[in-house]
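>>> Please find the sequence and the predicted model below.
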Amino acid sequence: MTERVAIEGRLVDADARFMLHARYGHFTAMQVRDRRVRGLELHFERLEAASAELFGAPLDRGAVLGSIRSVLGDDVRDASVRVYVVETDRPHVIATAGPPHEAPSHPQSVKPVAVQRYLPHIKQASGMLQGHVGRLVEREGFDEALLTTEDGLISEGSITNLGAFADGRLIWPDMPMLHGITMRLLERMDVPQERRPVKVADLAGFDQVFLCNSWGVWPVGRVDDVPLPQDDALMGRLREHYDRIAGDPLD
């Protein structure tokens, strides 16, 4: 018989059945503004590296751009876009578009969770772990989860990278993590930078702690119940650097 899939008693078509099986893969998330994307080449590099590792296959950049243009249509200029590369019989490129997302404007709260991702350098399509820990901390009134080891070493957030300033230096955790696109763009900032082990207990001693992802950059105001120092000048420098980065055209 032909495979059948029902959602709440309603039979669905072949495309819906395909989406059910398309769970093995990776993706990248981007913010489109005026049909431009910051760090578009970095998104391609991420997709190409993950496709080579997971599938042993090259990435068709034309299929990626074509999918983004199709999902935007002719009428959408600003959007949150995700590009998935998932394998069923072969790798397929899928793009989704939704309303644009801006970075939070006020300091956010974070809660450490002792868990680490498998293959952390790959932005995995399933996302079960991050979704679960994100919901757990949200129920406790926090905005984001910090993924840590049992002894408190920080790797990343559930959907973010964490950075901090200390004595004029930009510090990144020295742990296996997703090397985020926004993190890579901030690494181009003209300021001394280093990777080093960062523990949860260290955060209160930094001049400014922040989170970043495709939404942008925003400050961390509290970890657990411990308030963190706020430096508007440092956050202003970060945002100024990020805002100056020109987007690459999609058309």
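The structure has been received and is ready for your questions. Numbers count the residues shown, from 1 in each chain.
>>> need the helices for the stretch 1-150 of the chain, in chain order.
Taking DSSP state H, counting those that start in this stretch as the test, the helices found in the stretch 1-150 of the chain are 14-21, 40-55, 61-72, 128-139.
>>> will you turn the ones you listed into CSV that also has mean neighbour count?
C-beta coordinates here come from the backbone N, C-alpha and C atoms, glycine included. Output for the helices of the stretch 1-150 of the chain, formatted as CSV (neighbours: other Cβ atoms under 10 Å):
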stretch, mean neighbour count
helix 14-21, 13
helix 40-55, 18
helix 61-72, 16
helix 128-139, 15
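>>> Dump these to a markdown table, plus mean pLDDT and distance to residue 184.
What follows is those, written out as a markdown table (pLDDT from 0 to 100; distance: least, Cβ to Cβ, whole Å):
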| stretch | mean pLDDT | distance to residue 184 |
| --- | --- | --- |
| helix 14-21 | 87 | 30 |
| helix 40-55 | 98 | 6 |
| helix 61-72 | 97 | 18 |
| helix 128-139 | 94 | 19 |
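>>> Out of the ones you listed, the one nearest residue 7 is which?
With respect to residue 7, and counting by Cβ to Cβ, the nearest of these is helix 14-21 at 7.3 Å.
>>> about what we covered before: of all the helices of the stretch 1-150 of the chain, which one is nearest residue 190?
When the helices of the stretch 1-150 of the chain are ranked by proximity to residue 190 (Cβ to Cβ), helix 40-55 comes first, at 18.6 Å.
>>> what's the angle between the closest one and helix 61-72?
Angular relation of helix 40-55 and helix 61-72 on a 0 to 180 degree scale: 110 degrees, by axes from the mean of the first three to the mean of the last three Cα atoms, to 10 degrees.
>>> helices or strands up against helix 40-55?
Contact here means 3 or more Cβ pairs under 8 Å, 6 or more residues apart in numbering; DSSP states H and E; on that basis helix 40-55 packs against strand 24-33, helix 61-72, strand 79-87, helix 181-186.
>>> Now with 7 Å, please.
Helices and strands touching helix 40-55, by 3 or more Cβ pairs under 7 Å, 6 or more residues apart in numbering; DSSP states H and E, are strand 24-33, strand 79-87, helix 181-186.
>>> If you count neighbours, what's buried in the longest one?
If you call a residue buried by 16 or more other Cβ atoms under 10 Å, then strand 24-33 has these buried ones: 25, 26, 27, 28, 29, 30, 31, 32.
>>> circling back: quick check: which of the helices of the stretch 1-150 of the chain is nearest to residue 5?
Using Cβ to Cβ as the measure, helix 14-21 is the one of those that comes nearest residue 5, at 4.7 Å.
>>> Convert the lowest-mean-pLDDT helix or strand in the chain to PDB, retaining C-alpha atoms only.
For the chain, the helix or strand with the lowest mean confidence is helix 14-21, at a mean of 87 (criterion: mean pLDDT, DSSP states H and E). Coordinates of each C-alpha in helix 14-21 appear next as PDB, following Å, rounded to 0.1, in the frame of the first residue of the first chain:
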ATOM      1  CA  ALA A  14       2.900  13.700   0.000                       C
ATOM      2  CA  ASP A  15       4.500  17.000   0.900                       C
ATOM      3  CA  ALA A  16       3.400  16.700   4.500                       C
ATOM      4  CA  ARG A  17       4.600  13.100   4.600                       C
ATOM      5  CA  PHE A  18       7.900  14.200   3.300                       C
ATOM      6  CA  MET A  19       8.200  16.800   6.000                       C
ATOM      7  CA  LEU A  20       7.500  14.200   8.600                       C
ATOM      8  CA  HIS A  21      10.500  12.100   7.500                       C
END
